[in-house]
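Participant: take a look and give me a structure for this.
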Amino acid sequence: MGVHLIVLPILTIIPAKAGIQKLQGVNSATSTDRQSIVGERLPSFLGAMVRLTTAIVLILALGSLFLSSCVFPYGTGLQSQVNRIASPHKFSIFGWEVNTLSHRLVDLFDSPDADINDVDTVKSFFASVGQSDSSHFEGTNLEERAECIITKQIKEALREEGILNPLDNFLSLGIVFPPLAFEFEPSPDLLVISPRDEIKLQDRVVLDPDLTVEEKERIEGKVDTLGGSSLVVELGGVGFTYPTMVTETSNTRYALHAIVEEWLHQYLAFKPLGFLYLLDAVEIRGNYQIVTMNETVAGIVSEEIGDKIYKKYYAPEDWEEPQNGGPVSEVYREMRSIRLQVDEYLANGEVEKAEDFMRAKREYLAEKGYYLRKLNQAYFAFHGTYAYKPGSVSPIGEDLKELREQCSSLQEFMNKVTGMTDYDDLKKEVGRGS
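Facilitator: Numbering: from 1, shown residues only. Below you'll find the model as predicted:
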């Protein structure tokens, strides 16, 4: 906990200095001009101070939990051994926050002007991602303007849906909280560990981004010798940092989904459902069903809001929301079938048979053009938490989809689901519980 007390002075000194510089022009102005300058600058300055304060609160709240699980050593037993193996590649959230916020919080006082309808700037940015020299966009004015425009568009959509901040049911503040802020950059990798004899999230360790295949397989090989099943997965975004991190992509629709989803994880952290997810993350109170509910809610809502923004600002005139069916859904159905068979093998104690089956199916999928680096228990343990996807075998996904259909708005859906504390609450809401 002492680490966070060190962070606070750093975060306050940098933007405070920037704010003073912004207002220095007032002192050198004439008496007549001074009133005009104050009238123009003071509201934005005060607004920046509000964003700064809430940002610090969020960083301390989320950081105190996630830093303890992702940066500092684990305890004894398996976790300690995994920690030693992963240690050279562990992602430092503290280091990332210091590096990012050293310039990001200054931007709170001097953010570029952005027109919510300036879709050309955003399209130009996404069109540039993936080019041979795309790295030069990091920190450039084009990226910053694109981020500001997207932020305005998402805030507009959140306001229209009535999803602003966790306290809205008790105190209507009219502001989006947590403050919406994100960075386009490579997201960390995640080491996922499952037992071999069942599919379950046993452990997770956040690793540096862009590990090579050789580095991933070296880590997995060492972890597997401990008796489990492991997999290093690439994340499309993370919500345990502030700002959130979203991997650069040329896919505008996917990016919108990811930005909204990671913000929702921070929003949910201040609700019972999301807070219990944090407790699971730091292994205070493990609950795989809560993890699945949290990820699925964030996925359902982010897709709906993201598609709303995409359709309004970026989609071609003839664009229609994707429907189930086609090659992608065929792959999902195949994955679901594989998962069910693997569950059956494991339930009968046939671990090696299940692993041989998954290896054979991975080769079969590759022949069909769907390449997976590894298909094992850890793969299903990680992807199984996203129950809104067609390939999931969890009933939680269907129950949440049914609840969403019963609700007349996203706001009503969120009001019902965010207060839930276990899967039984969801089953009762859709009429399946006692």
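Participant: going forward, measure contacts between C-alpha atoms and count neighbours the same way
Facilitator: Fine.
Participant: low-confidence ranges in the stretch 301-434 of the chain?
Facilitator: Along the stretch 301-434 of the chain, the model assigns pLDDT under 70 to residues 322-329, 388-392, 433-434.
Participant: which residues of the stretch 201-350 of the chain fall in strands?
Facilitator: 203-207, 228-234, 237-238, 244-246 (DSSP state E, counting those that start in this stretch).
Participant: format those strands as a markdown table; extra columns: mean pLDDT.
Facilitator: Shown next, in a markdown table, are these (pLDDT from 0 to 100):
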| stretch | mean pLDDT |
| --- | --- |
| strand 203-207 | 91 |
| strand 228-234 | 95 |
| strand 237-238 | 90 |
| strand 244-246 | 92 |
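Participant: can you spell out the domain ranges of the protein, please?
Facilitator: 2-183, 191-231+268-429 (automatic domain parsing).
Participant: which of those is buried the deepest?
Facilitator: Each of the domains of the chain was scored by mean neighbour count; the highest is domain 191-231+268-429, a mean of 18, by mean count of other C-alpha atoms under 10 Å.
Participant: name the nearest residue to the spatially most central residue of the chain, ignoring sequence neighbours.
Facilitator: The centroid of the chain falls nearest to E262 when counting by C-alpha atoms, centre = their mean (3.1 Å). Leaving out its chain neighbours, the residue that sits closest to E262 by C-alpha to C-alpha, 6 or more residues apart in numbering is G239, at 4.5 Å.
Participant: for K152, which of the strands of the stretch 201-350 of the chain is the nearest?
Facilitator: With C-alpha to C-alpha as the measure, strand 244-246 is the member of the strands of the stretch 201-350 of the chain nearest K152 (15.9 Å).
Participant: so how far is the closest one off the chain centroid?
Facilitator: 7 Å (C-alpha atoms, centre = their mean, to the nearest Å).
Participant: ok, the residue nearest to E262 touching Y267?
Facilitator: No - the criterion here is C-alpha atoms under 8 Å, and G239 misses it with Y267 at 9.8 Å.
Participant: who has more neighbours out of these two?
Facilitator: Y267 (25 against 21; other C-alpha atoms under 10 Å).
Participant: look up how far D399 lies from that one.
Facilitator: Using C-alpha to C-alpha, to the nearest Å, one gets 22 Å for the distance from Y267 to D399.
Participant: can you check Y242 too?
Facilitator: 31 Å.
Participant: and T54, what pLDDT?
Facilitator: Model confidence at T54, given as pLDDT, is 52.
Participant: quick one: the nearest residue to P195 once chain neighbours are set aside from R196, how far?
Facilitator: Closest residue in space to P195, ignoring its immediate chain neighbours: G228 at 4.7 Å, by C-alpha to C-alpha, 6+ apart. Per C-alpha to C-alpha, G228 is found 5 Å from R196.
Participant: circling back to that earlier point, which ones are touching the residue nearest to E262?
Facilitator: 245, 262-263, 265-266 (C-alpha atoms under 8 Å, 6 or more residues apart in numbering).
Participant: ok, now L365?
Facilitator: So L365 contacts 371-372 (C-alpha under 8 Å, 6+ apart).
Participant: out of the strands of the stretch 201-350 of the chain, nearest to G349?
Facilitator: strand 228-234 (14.9 Å).
Participant: tilt between that closest one and strand 203-207?
Facilitator: Counting by axes from the mean of the first three to the mean of the last three C-alpha atoms, to 10 degrees, strand 228-234 lies at 40 degrees to strand 203-207.
Participant: and strand 228-234, which strands flank it?
Facilitator: Strands adjacent to strand 228-234 in the sheet, as given by DSSP bridges, are strand 189-195 (antiparallel).
Participant: columns distance to E350 on top of the contacts of G239, output as JSON lines?
Facilitator: Listed next are the contacts of G239 as JSON lines, based on distance: C-alpha to C-alpha, whole Å:
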{"residue": "M245", "distance to E350": "40"}
{"residue": "E262", "distance to E350": "38"}
{"residue": "W263", "distance to E350": "41"}
{"residue": "H265", "distance to E350": "37"}
{"residue": "Q266", "distance to E350": "40"}
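Participant: top of those by neighbour count?
Facilitator: E262 (28 neighbours).
Participant: what about it, distance to L180?
Facilitator: Taking C-alpha to C-alpha, one finds E262 at 10 Å from L180.
Participant: got it, and L201?
Facilitator: 29 Å.
Participant: same thing with D424?
Facilitator: From D424 to L180 the distance is 32 Å (C-alpha to C-alpha).
Participant: what about the helices in the stretch 51-200 of the chain?
Facilitator: 78-86, 93-107, 119-128, 141-161 (DSSP state H, counting those that start in this stretch).
Participant: worst average pLDDT in these?
Facilitator: Minimum mean pLDDT among these: helix 93-107, a mean of 76.
Participant: how about R362, what does it touch?
Facilitator: Counted by C-alpha under 8 Å, 6+ apart, R362 has contacts 371-372, 374-375.
Participant: make it 10 Å
Facilitator: 335, 338, 356, 368, 370-376 (C-alpha atoms under 10 Å, 6 or more residues apart in numbering).
Participant: if you look at those residues, which of them are in helices?
Facilitator: Counting by DSSP state H, the contacts of R362 place 335, 338, 356 in helices.
Participant: so can I have JSON lines of these showing distance to V232?
Facilitator: Formatted as JSON lines, the ones in helices among the contacts of R362 follow (distance: C-alpha to C-alpha, whole Å):
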{"residue": "M335", "distance to V232": "19"}
{"residue": "I338", "distance to V232": "20"}
{"residue": "D356", "distance to V232": "20"}
